[in-house]
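Participant: Need coordinates for the below:
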Amino acid sequence: MDVLEHDILKGPLKGAYDAAYTLDLLEHIEPAQEDLFIENIRDSVNPNGVVIVGSPSIHSQPYASPPSSIGHVNCKDYDELKALLGKYFHNVFIFSMNDEVVHTGFSKMANYFIALACTERR
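Facilitator: Residues are numbered from 1 along each chain as shown. Have a look, this model is predicted:
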């Protein structure tokens with residue numbers, strides 16, 4: 001297995017991959033750079049590729065410990081995450097997560113979101 005290090009804010013990966021995922025990174029990306037971040041990820045996968053984005057919910061942040069919250073400059077709610085990814089993908093499915101349970105229940109009680117985006121939009 002190959003491991004690749006790349007700064008996604010500097011551009012997409014070379015080549016087209018079938019899938020890409022990012023967990024616990026979006027919340028550290030400044031809002032002014034979030035479109036560049038998602039666009040470069042989209043441009044790193046083939047047109048039928050899948051992108052998975054995981055990030056803490058903004059609704060969970062009042063309960064997060066100070067060390068856990070440091071650097072969380074871009075947590076989103078369900079609608080904001082869906083809208084961001086919807087600019088770049090036709091299909092966006094968001095799952096909520098609490099502890100070890102992944103569900104499609106009431107999003108405002110979610111601690112974490114896992115978004116599955118596919119079918120790129122250009």
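
Participant: Quick one: find the helix or strand in this protein with the lowest mean pLDDT.
Facilitator: helix 66-69 (a mean of 88; mean pLDDT, DSSP states H and E).

Participant: Determine the next helix or strand in the C-terminal direction from that helix.
Facilitator: Toward the C-terminus, helix 66-69 is succeeded by helix 78-86 as the next helix or strand (DSSP states H and E).

Participant: roughly how far is the helix or strand just after that following helix from the heart of the chain?
Facilitator: Next along the chain after helix 78-86, taking DSSP H and E as the criterion, comes strand 89-98. Distance, stretch centre to chain centre, for strand 89-98: 9 Å (C-alpha atoms, centre = their mean, to the nearest Å).

Participant: Check stretch 90-103 too.
Facilitator: Taking mean C-alpha positions (C-alpha atoms, centre = their mean), stretch 90-103 and its chain are 11 Å apart.

Participant: Contacts for it, please.
Facilitator: 57, 78, 81-82, 85-86, 104-107, 109-121 (C-beta atoms under 8 Å, 6 or more residues apart in numbering). C-beta: built from backbone N, CA, C; applies to glycine.

Participant: The closest residue to Thr119 other than its chain neighbours and Asn48: what is the separation?
Facilitator: Distances taken as C-beta to C-beta, 6 or more residues apart in numbering put His90 closest to Thr119, at 4.1 Å, once the chain neighbours are dropped. Distance, His90 to Asn48, by C-beta to C-beta, to the nearest Å: 11 Å.
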